[in-house]
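Novice: Fold the stuff below for me.
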Amino acid sequence: MVTRIDGHFGNILKALEDPNGDGDNSDSVANNTLVIFQSDNGGPGGPSNKELDTNGGLRGNKGTIYEGGIRVPTLMRWPAKITANSKLKIGSSFDEVIDISDLLPTFCELAGAETPVGLDGVSFAPLLTGEGEKKPRDFLIHEAGGSASIIRGEHKLVKSKKGLELYDLEADHSESKNIAMAHPELVAELQKILLEERVGEPKGFANTYHSWIGEDGESLSKAANWSDYLYENEGETYLEDSGAPRLSWIARIENTKSERPATAIVDKDISFLGLQIRGGKGDQKVQVNQGVTLLARNELRLSKGANLQLDNSTISSLRWIEVGKGASIRGRGKVEGSLHNSGKVDLAAKRGEPIPELLVHGNYVEQLGSRLRIKNSEAPVLKVLGTAKLAGTLELAETPTESMGTILTADQVEGRFANVLVTAPDGTPFRIFYNRNAVRIARMPSDS
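Specialist: Numbers count the residues shown, from 1 in each chain. Reported below is the predicted structural model:
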C-alpha cells in the first residue's frame, strides 16, 4: 500500500509539472496548485502498533474514537503561497487543529466559490494565504466504532458503551488518565453539546434541505411556506421531510418572485441548523419580532440583497452570524454568537423609536469595506461581550446633540475604523478616539 501511495503521489506531482506530458514544463501548474496529503484514519492495531509504535504513543487505532484512531498526519504543498517568507513557512508545522470537514469550505474560499450553508467545517484558507482571519471553532465532534467524542480546547469527552470519559489532551495526549470524576460540571456541559449535535440519532437520520415558498409578509413558522424534501434514486425513496422548520433543517429564504422587496416574518421562536437569507429578483427582508429568537445553530448567513430587521429580538448561533457584502442587519436586539460584518450593521432607528442598541455575546469582526452606521446616544450603541476587531467605515445617521459620546464598548478593541473622521449629515466633523475597551467620538472644534 505504501509503495502504491508513493507511486501514485509521484504521478500526480509529475502531471502538475507537465500537464500534457510532452516533456515541456512551460505549461506547469505545480507552482500555484495546493496539494494536500492526509491519512483517512489512525494506524492499525496488532504487532506493528505494539512493536513499532506506529501511532506515536497515542491510545487506540483505526476504527476507535481515541486519538490513535482520529488524529492523522497532514502534509500541504503550495509553492506559490507557502514559501520561506510567507506567514506559514515552507518546512514548518503548526498546532492549529484542522479536520477533514474543513477541506470543502477551504477549497470554496480559495476558489472564490460560495460555501454551502450549515457545514461543520471551518475554512483554514487564511492560514495558507496569510490573508483574512480564520473563523474560530469552539468544538470538534467525531463518531467512530459506535462511540462519539467532543474536543473543546484541551479537553476531550468520550461517550461509549463504557460510559463517559474525560481527558486533558494537553497534559495527557495518550488519554491514559480519565478525569471525569474530578470534573462533573464540565462533563455535563460537554455531554449536553455532544447530544445536541445529534450523535444519538438512529441510523438513517440526515439533515434536510428546504426553500422558502411563502408570500410577502408570511410567517416562517408555517409549514405551508416551506418546500418539502425528497431524497430518492431510481424509484427508491430514502428520506422524506416536510412540516415546519426544525433543528435538522438547512434552509434558504430568497426573493424569487418579485423585483420589489419581500418580507418574511419570524413571529415565534424558531430553529434551523443553517439558514441563508439572500436577495433574488428583489431584496429579501426577514423581520424578527419583539421578544422572539431566531436560531441557526451552525450558521446564519446574510448574502447580497438580505436585510435582517431586529425589534428588541434575538438572533443566535453557536458559531457565527455573517453579514455578507450587500447585506445588512438593522434594529435593536441581541446577537448570541460572533458577528462577522462584510456588509452593513445599521443601528440607526427612526426618530421616536428607542435608542438603538445591539448587544453581541461574542466577537464583532469587521472586514475592509464594511460599514457600521449609528446614532450617537448617551449609552453605547454597540456593546460587544468579546473582542471588537475594527476595519470598516463608521457612519453617523444624524448629527449628535452632544459634543462627545461613546459609541462602542468591548472586552477588547482591536484595529481601527478605516476613516479617521466621521462626518454628520449636517457636515459637522467628529474625530474617533480609541482605548482598550471603548470607542468614542468628539466634535471637532470649529475654525475661529
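
Novice: residue ranges with poor pLDDT in the stretch 1-150 of the chain?
Specialist: Counting by pLDDT under 70, the stretch 1-150 of the chain shows no low-confidence range.

Novice: all strands of it, in order?
Specialist: Taking DSSP state E, counting those that start in this stretch as the criterion, the stretch 1-150 of the chain carries its strands at 35-38, 74-77, 140-144, 147-152.

Novice: Make CSV out of those and add distance to S221 and mean neighbour count.
Specialist: The C-beta positions use only the backbone N, C-alpha and C, and glycine is treated the same way. Listed next are the strands of the stretch 1-150 of the chain as CSV, based on distance: least, Cβ to Cβ, whole Å; neighbours: other Cβ atoms under 10 Å:
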stretch, distance to S221, mean neighbour count
strand 35-38, 42, 13
strand 74-77, 43, 14
strand 140-144, 29, 17
strand 147-152, 31, 20
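
Novice: mind putting those in CSV, distance to T256 included?
Specialist: As requested, the strands of the stretch 1-150 of the chain are arranged in CSV below (distance: least, Cβ to Cβ, whole Å):
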stretch, distance to T256
strand 35-38, 37
strand 74-77, 40
strand 140-144, 34
strand 147-152, 38
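
Novice: For V199, find the nearest of those.
Specialist: strand 147-152 (4.1 Å; Cβ to Cβ).

Novice: just checking, what packs against the closest one?
Specialist: Applying 3 or more Cβ pairs under 8 Å, 6 or more residues apart in numbering; DSSP states H and E, we find strand 147-152 packed against strand 140-144, strand 155-160, helix 184-196.

Novice: Of all the strands of the stretch 1-150 of the chain, which one is nearest G204?
Specialist: Nearest to G204 among these is strand 140-144 (14.5 Å), distances taken as Cβ to Cβ.

Novice: could you check the angle strand 155-160 makes with the closest one?
Specialist: 30 degrees (axes from the mean of the first three to the mean of the last three Cα atoms, to 10 degrees).

Novice: ok, residues contacting strand 140-144?
Specialist: 63-65, 69-70, 97, 99, 120, 148-152, 194, 197, 199 (Cβ atoms under 8 Å, 6 or more residues apart in numbering).

Novice: out of the strands of the stretch 1-150 of the chain, which comes closest to E259?
Specialist: Ranking the strands of the stretch 1-150 of the chain by distance to E259, with Cβ to Cβ as the measure, places strand 140-144 first at 42.5 Å.

Novice: what is the mean pLDDT for the longest strand along the chain?
Specialist: Scanning the chain for the longest strand, with DSSP state E as the assignment, gives strand 306-323. Taken as a whole, strand 306-323 carries a mean pLDDT of 96.

Novice: Walk me through which strands that strand pairs with, and which way each runs.
Specialist: Using DSSP bridges, the strands paired with strand 306-323 are strand 284-288 (parallel), strand 293-302 (parallel), strand 328-341 (parallel).

Novice: want to throw those into CSV with distance to T115?
Specialist: Rendered in CSV, the data for these read as follows (distance: least, Cβ to Cβ, whole Å):
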stretch, distance to T115
strand 284-288, 19
strand 293-302, 9
strand 328-341, 13
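
Novice: so which of those comes closest to N11?
Specialist: Closest approach to N11 among those is made by strand 293-302 (37.8 Å; Cβ to Cβ).

Novice: what angle sits between the closest one and helix 184-196?
Specialist: 70 degrees.

Novice: hang on, V72 packs against N41?
Specialist: Yes - assessed by Cβ atoms under 8 Å, V72 is found in contact with N41 at 6.7 Å.

Novice: mind listing what the nearest residue to G45 once chain neighbours are set aside touches?
Specialist: Counting by Cβ to Cβ, 6 or more residues apart in numbering, N61 is the residue found nearest to G45 once chain neighbours are left out, at 4.1 Å. Applying Cβ under 8 Å, 6+ apart to N61 gives the contacts G42, G43, P44, G45, N49, N55, G68, G69.

Novice: Can you give me the distance of N61 to K156?
Specialist: Between N61 and K156 the distance is 17 Å, computed by Cβ to Cβ, to the nearest Å.

Novice: Please identify which of the strands paired with strand 306-323 is closest to E414.
Specialist: Checked against Cβ to Cβ, the stretch from these lying closest is strand 328-341, at 13.6 Å.

Novice: what distance separates the closest one from the middle of the whole chain?
Specialist: Using Cα atoms, centre = their mean, to the nearest Å, the mean C-alpha position of strand 328-341 is found 14 Å from that of the whole chain.

Novice: Could I get the average pLDDT for the next helix-or-strand element following it?
Specialist: Once strand 328-341 ends, the next helix or strand along the chain (criterion: DSSP states H and E) is strand 344-346. Within the predicted structure, the mean pLDDT of strand 344-346 is 96.

Novice: got it, and stretch 412-431?
Specialist: 95.

Novice: May I have it as PDB, with CA atoms only?
Specialist: Extracted C-alpha coordinates of stretch 412-431, given in PDB (Å, rounded to 0.1, in the frame of the first residue of the first chain):
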ATOM      1  CA  GLN A 412     -11.100  44.400  24.000                       C
ATOM      2  CA  VAL A 413     -10.900  46.700  21.000                       C
ATOM      3  CA  GLU A 414      -8.500  45.800  18.200                       C
ATOM      4  CA  GLY A 415      -7.800  47.700  15.000                       C
ATOM      5  CA  ARG A 416      -9.400  50.900  13.900                       C
ATOM      6  CA  PHE A 417     -12.100  52.100  11.500                       C
ATOM      7  CA  ALA A 418     -10.900  53.000   8.000                       C
ATOM      8  CA  ASN A 419     -11.900  56.600   8.500                       C
ATOM      9  CA  VAL A 420     -10.100  59.000  10.900                       C
ATOM     10  CA  LEU A 421     -13.000  61.400  10.900                       C
ATOM     11  CA  VAL A 422     -16.700  60.700  10.700                       C
ATOM     12  CA  THR A 423     -19.000  63.500   9.200                       C
ATOM     13  CA  ALA A 424     -22.500  64.000  10.500                       C
ATOM     14  CA  PRO A 425     -25.300  64.700   8.000                       C
ATOM     15  CA  ASP A 426     -25.100  68.500   8.600                       C
ATOM     16  CA  GLY A 427     -21.400  68.400   7.800                       C
ATOM     17  CA  THR A 428     -20.100  68.500  11.300                       C
ATOM     18  CA  PRO A 429     -16.900  66.500  11.600                       C
ATOM     19  CA  PHE A 430     -16.200  64.200  14.600                       C
ATOM     20  CA  ARG A 431     -12.900  62.600  15.500                       C
END
